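**Q** here's a sequence, model it:
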Amino acid sequence: MYDQIKELTGKDVFVTGNVKKGMFNQLEMANPEVVPAERVYTKEILPIYRLTSGISQKTFRKIMRENIPRISCSLRETLPEVIV
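**A** Alright, predicted model coming up:
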């Protein structure tokens with residue numbers, strides 16, 4: 001994590017994770033996911049999924065990214081053609 005933060009110093013980033021109050025009422029975030037802002041805003045939509053405990057957004061996104069192409073031929077579009 002330190003190397004990732006060092007690499008992103010001075011750059012805009014998108015950070016997700018659970019925030020809670022720590023000692024002295026300071027906010028803290030354990031195991032945040034840090035993504036360069038240019039990736040979020042120009043290269044891809046960053047989905048936020050409702051999760052069960054024990055799986056992170058990053059892990060679930062990876063699972064989806066790897067498996068959607070495998071089943072996409074059997075999925076039917078539900079949005080009207082005008083929107084697609």
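**Q** which SS state does the nearest residue to V35 once chain neighbours are set aside fall under?
**A** Residue nearest to V35 in three dimensions, not counting chain neighbours: F14, with 4.7 Å by C-beta to C-beta, 6 or more residues apart in numbering. For every residue, glycine as well, the C-beta is placed using N, CA and C. What DSSP: H, G, I helix; E, B strand; the rest coil gives for F14 is strand.
**Q** might you report the residue contacts of F14?
**A** V34, V35, P36, A37, R39, V40, L46 (C-beta atoms under 8 Å, 6 or more residues apart in numbering).
**Q** distance of it from K62?
**A** According to C-beta to C-beta, to the nearest Å, F14 stands 17 Å off from K62.
**Q** looking at the contacts of F14, which are in helices?
**A** Using DSSP state H, the subset of the contacts of F14 located in helices is A37.
**Q** of the contacts of F14, just say which sits nearest to R70.
**A** L46 (21.3 Å; C-beta to C-beta).
**Q** now that closest one: phi and psi?
**A** Main-chain torsions, L46, degrees, to the nearest 10: phi -100, psi 100.
**Q** what sits against it?
**A** By C-beta under 8 Å, 6+ apart, L46 lies in contact with F14, V35, R39, V40, R61.
**Q** and it, what's its pLDDT?
**A** At L46, the model reports a pLDDT of 71.
**Q** could you do K20 as well?
**A** Note for K20: predicted pLDDT of 90.
**Q** over to L27?
**A** For L27, the pLDDT comes out at 92.
**Q** give the closest residue to it in space, chain neighbours not counted.
**A** Per C-beta to C-beta, 6+ apart, closest to L27 is V19, 5.4 Å.
**Q** give me the mean pLDDT for stretch 56-75.
**A** 85.
**Q** re earlier: burial count for the residue nearest to L27?
**A** 12 (other C-beta atoms under 10 Å).
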